[in-house]
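A.B. asks: sequence first, predicted model second:
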Amino acid sequence: MTEKLIPSRECPLVGRDALIAELVNQSVVERLLTLTGPGGVGKTSIAQQIATHVRRQPAFADGVRWVDLAALSSEAAVLQAIGQTCGVSERRDEPWLTTLAQALQSSQMLLVLDNCEHLLSVCSAIIAHLIATCPSMHILATSREPLDLPAERRVAIPSLDVAAAVTLFELRATACLRSFAITAANATAVTTICRQLDGIPLAIELAAARVALLSVAQIAERMTQSLSLLAGREADRPLRQRSLRAVLDWSYMLLHADEQLLLNQLAVFVGSFDFDAIEAVCLVAAPLDALGELVNKSLVQATAHPGTVRYRLHEVVRQYASERLLETGTQDEVLTRHLDWAIALAERAEADPDHEDEWLTRLLLEHENIRCALQTADQRGDADSLLRIAGALAKFWNSVSVSEGRTWLARGRALPPVQPGTVSVKAWNIESFLAYRQGDYDTMHAAATEALHEALRIEYAAGIAAARYRLGIHAEMKGNTAEAHEQYQQSLAILQELDDRRAISQVLNGLAHVAKLEGNLGQAQQYYRQGLALARAGNNSLSTALLLISLANLHLYEGDLEAAEASYAESLIHLRAAKNTSYVLYAVNGLGEVAFYRKQFTAAAARHQEGLRLARDLGLKDMETQFLGNLGRCAMEQGDYGTAADYLSQSLRTVLSLERTFRTAAVIHFCAKLVFRLGYPAQATTLFVAGLRAVEAEDFAYLENESADFLATFEAAQAALDATEHSLAVADGELLSLAKAADLALLTVFLPQRQLLAVPPPELRIFLFNRLRVLRDGRELIGDDWVYSKTKDLLLFLLLGESATKFEIGTALWPDASAEQLRQNFRMAIYHLRRALGDAEWITFTNGAYAFNRARNVWIDLVAFESAIEQSRADPNQRTHHLRTASALYTGDLTTGALESDTLLLRREQLHQQALEVLLALGQLYTDSSRHAPATEVYRRVLALDSYNEAAHRGLLLNLARQGAVGAALVHYDHFVELLAQDLGIDPTPETATLAARIKAGVTI
């Protein structure tokens, strides 16, 4: 922990040196030390001093973490505050306390929980669990009452003795009136005041603040009167509580009317606040003057922050002021203004994305006040206000707590909407975004579908565009590029009508990603440049930077390292102009990748170290894990496997806390690559399969460059095993959950290196589905390698047949050529083909016929596809794995190039039908095993190949409904009915219609 996380105290402590020294020692020895005492006695100040003294002690190697609970009101808020302070993120589908305990299990820290008294049972339960599960953690708590836990060592903080109290009075009085001094004339009165106030520091400070207006004798006289009144009115209160109440009453009565009014209204703020908030919420004629007086009189504390001053009420003073506000009967009015202020603040932040980092800093300071406003709206049943605030803070929730954002959105939707419509649509769209960030992809899709349905009903164009954009992202993640393209295009058309240039740039970015996934890199670059032109024209530095980063990523993907480096570097200029620090990480990461692919591993590691430091400073765990993984890759390529294991294990532990399935799987695959290099192909294979299974279950599609790298290592590992070993390793991977795979990775990356017989990868990798691609020794052959198109057609002809004579080849490729032309064309084509493949032996000539040499070290996707289908029939126990392999290999129809024959067309149609059968069988297996998310994806793939396939439509309806996406299922059924009616003039079968009716009726299926 850094020193700045311990709240500072401007006024020195008086008379506490011996006590603090003793408590410092006890905090090292005792697992739980609780400082008790009444409000104002100095518990927080003493805890601050203890924390400052012990932060560098060996017992607390992980430092001190300070959590102020005064403004919190629920267990969830307490757990979130502890997690945020300790750098732990909430995990989906796991109790917060379990996540905290696991993350902090080996931590050597002092955790300070300040102001526990209003959450005693909550704090007791949390502390008891942490004490039991985190053996090296010590806890320091402050509370007006003890926690009553067995491990608790209670220390009641005493009042100041008279001498110390007099010293404190003099210090505070001098701060208010520089000429003040204790003299023989006023010493008795000062002593009387300190005795009357029972040595309570806060009460003494408040009384001393009056020396600018009253003499010490006058202060003593008025204090005597106030205490006499309280003695009769509140005789059941302890003396020290009556003393503090008396000084508060007395201080309050001495305030001018506008000062009293302001103090009352400030009670609605929790935590700290600034003057802008005061002006918006508090109706006082001259608020600045009144505020200055309250600060001078020690009723309000002022603290300097960069560019502003923040104010705060001591919790005892805030509670007192709250009582006074309630007495006036105006509390509801002030809370309404506080709510309106929070709405305006959230919507101003949302409307200014160019200064996202600055707003995040501001909103973090206002978090407790935002939470208070949300609670006000919730308690009033004000869905509109609640959803306006929660919906405007999407980026804030994404940075601070996705779970809290989703919780508030859910509460808002549970209330009867005051004005159903645009606010609700926006809330659904934000829920879709937050679900995506949390890895809840089913909810992401369902929420976007609900947003679209409602937006269409009320004809809310911006909401329709946003929902379609989200649905496009979901389809893109699943690899369903056709659907993604359609959703993006529909969103784009609406946004162009609205002239929303920022959103247009985002959608163009999405279209570019789709084009990239489809292999249409030229189209992808065109989309990026269109978006970039819009961003530049609007002087939008942030959008310009983000599109430059996307364009740079494309250049990197294409291998154009110079262009990638230039775009990343330019993006940094725009990010600095936009004063956006968080996105700088993406540019730094990109520059590190450029160096990595140049094999400049030291330079790459330096970039990633820079990014890691920045990510940690900003608290961006997602980027932190990426930089750690990249540092692991750099170390791996440099042969430093020990350092690689350290970085990859850190990356994996961090990403596990974030619930990012795809990124977790990627890190596991990096670990698998390291494990293979260490000489353990079976364990590496198991990790690869487990990672792929998790990715497929979450409807993700790997980017090609990552996929190719992982696949190459996976195949090398497979080649190092015999068939039985490989099958067992695959079976183990199929059974592992992502969490168990992570556990295995964390163990195996630290195994000692051992020798492994090198197995050469395929010399040629040939892809015949979708488009012809040939990789020779890992490099894809491009236009210049082939020289002219007939070279590729000749290869296709030989690959799709067994062998052929020169005449048969010539008739197919040059049907109109003369004998002489055929001879010349063939000679040129065979020469260039052999040269492109790198070896004349790839094309054999035997008994007057030419053939492709399949006996050599070659991998062909068509052969692997048919082999996987055969294995699925021969090996029922591994049927799901083999079908999934076949489905992954079928990336599109068989390519035939310029070749045209009935035989080839029939072959292509047969393979198309085989792919449909594979997908339908796989979809049924997923459905039967209740893996509804991957089943949904499989059925969507079937429909992309055959839009009229009713079995696939039925499977999709069933799996959507079983995931709870009833709205999406019914929308899909309506589209299917319309499709059949328009194209074929028929209705769905009774089986499909009955299924839809049962879903609509809410029957469990």
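C.D. replies: Sure, I can see it.
A.B. asks: all the strands of the stretch 101-250 of the chain, residue numbers only.
C.D. replies: 110-114, 138-143, 152-156 (DSSP state E, counting those that start in this stretch).
A.B. asks: any regions of the stretch 551-700 of the chain where pLDDT drops low?
C.D. replies: 578-580, 618-619, 658-660, 695-700 (pLDDT under 70).
A.B. asks: which residues in it form helices?
C.D. replies: With DSSP state H, counting those that start in this stretch, the ranges of helices along the stretch 551-700 of the chain come out as 561-577, 584-597, 601-618, 621-637, 641-656, 661-678, 681-697.
A.B. asks: turn those into TSV, columns for distance to Thr99.
C.D. replies: In this view, the C-beta of every residue, glycine as well, is placed from N, C-alpha and C. Shown next, in TSV, are the helices of the stretch 551-700 of the chain (distance: least, Cβ to Cβ, whole Å):
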stretch	distance to Thr99
helix 561-577	32
helix 584-597	24
helix 601-618	19
helix 621-637	13
helix 641-656	10
helix 661-678	15
helix 681-697	19
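A.B. asks: which one of the strands of the stretch 101-250 of the chain has the poorest average confidence?
C.D. replies: Ranked by mean pLDDT, these bottom out at strand 152-156, with a mean of 91.
A.B. asks: that one to strand 138-143, inter-axis angle?
C.D. replies: 40 degrees (axes from the mean of the first three to the mean of the last three Cα atoms, to 10 degrees).
A.B. asks: so which elements touch strand 152-156?
C.D. replies: Applying 3 or more Cβ pairs under 8 Å, 6 or more residues apart in numbering; DSSP states H and E, we find strand 152-156 packed against helix 17-29, strand 32-36.
A.B. asks: got the angle between the next helix or strand after the last one and strand 138-143?
C.D. replies: Sequence-wise, the next helix or strand beyond strand 32-36 is helix 43-54, with elements assigned using DSSP states H and E. Helix 43-54 runs at 160 degrees relative to strand 138-143, counting by the same axes, to 10 degrees.
A.B. asks: centre of the chain versus helix 43-54, how much separation?
C.D. replies: Computed by Cα atoms, centre = their mean, to the nearest Å, the chain-centroid distance of helix 43-54 equals 34 Å.
A.B. asks: so what touches that helix?
C.D. replies: 3, 6-9, 13, 16, 19-20, 23-24, 27-28, 35-37, 60, 64, 66, 110, 112, 114-115, 140, 142-143, 157, 201 (Cβ atoms under 8 Å, 6 or more residues apart in numbering).
A.B. asks: what subset of those residues is buried?
C.D. replies: 6, 13, 16, 19-20, 23-24, 27, 35-37, 60, 64, 66, 110, 112, 114-115, 140, 142-143, 157, 201 (16 or more other Cβ atoms under 10 Å).
A.B. asks: related to what we said a few turns ago, so which of the strands of the stretch 101-250 of the chain gets nearest Leu556?
C.D. replies: Closest approach to Leu556 among the strands of the stretch 101-250 of the chain (Cβ to Cβ): strand 110-114, 42.9 Å.
A.B. asks: show me what that closest one is packed up against.
C.D. replies: Partner elements for strand 110-114 (3+ Cβ pairs under 8 Å, 6+ apart): helix 43-54, strand 64-68, helix 75-86, helix 120-133, strand 138-143.
A.B. asks: partner strands of that strand, parallel or antiparallel?
C.D. replies: strand 64-68 (parallel), strand 138-143 (parallel) (DSSP bridges).
A.B. asks: in CSV, list these along with distance to Gln910.
C.D. replies: Listed next are those as CSV, based on distance: least, Cβ to Cβ, whole Å:
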stretch, distance to Gln910
strand 64-68, 65
strand 138-143, 69
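A.B. asks: and the ones you listed: which comes nearest Ile869?
C.D. replies: strand 64-68 (56.5 Å).
A.B. asks: let me see the contact set for Asp640.
C.D. replies: So Asp640 contacts nothing (Cβ under 8 Å, 6+ apart).
A.B. asks: distance to Ala665 for the strands of the stretch 101-250 of the chain - can I get that in JSON lines?
C.D. replies: Listed next are the strands of the stretch 101-250 of the chain as JSON lines, based on distance: least, Cβ to Cβ, whole Å:
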{"stretch": "strand 110-114", "distance to Ala665": "33"}
{"stretch": "strand 138-143", "distance to Ala665": "36"}
{"stretch": "strand 152-156", "distance to Ala665": "44"}
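A.B. asks: of those, which approaches Val942 most closely?
C.D. replies: Closest to Val942 of these, according to Cβ to Cβ: strand 110-114, at 53.4 Å.
A.B. asks: restricting to C-alpha, output the closest one in PDB.
C.D. replies: What follows is strand 110-114 as a C-alpha-only set of coordinates in PDB (Å, rounded to 0.1, in the frame of the first residue of the first chain):
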ATOM      1  CA  LEU A 110      -2.900  -5.000   8.000                       C
ATOM      2  CA  LEU A 111      -6.500  -4.400   7.000                       C
ATOM      3  CA  VAL A 112      -8.000  -1.400   8.700                       C
ATOM      4  CA  LEU A 113     -11.800  -1.200   8.900                       C
ATOM      5  CA  ASP A 114     -12.800   2.300  10.200                       C
END
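A.B. asks: angle of it against helix 120-133?
C.D. replies: 180 degrees.
A.B. asks: follow-up on the earlier one: mean pLDDT and distance to Leu614 added to the helices and strands packed on strand 152-156, as a markdown table?
C.D. replies: Below are these laid out as a markdown table (pLDDT from 0 to 100; distance: least, Cβ to Cβ, whole Å):
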| stretch | mean pLDDT | distance to Leu614 |
| --- | --- | --- |
| helix 17-29 | 89 | 33 |
| strand 32-36 | 93 | 36 |
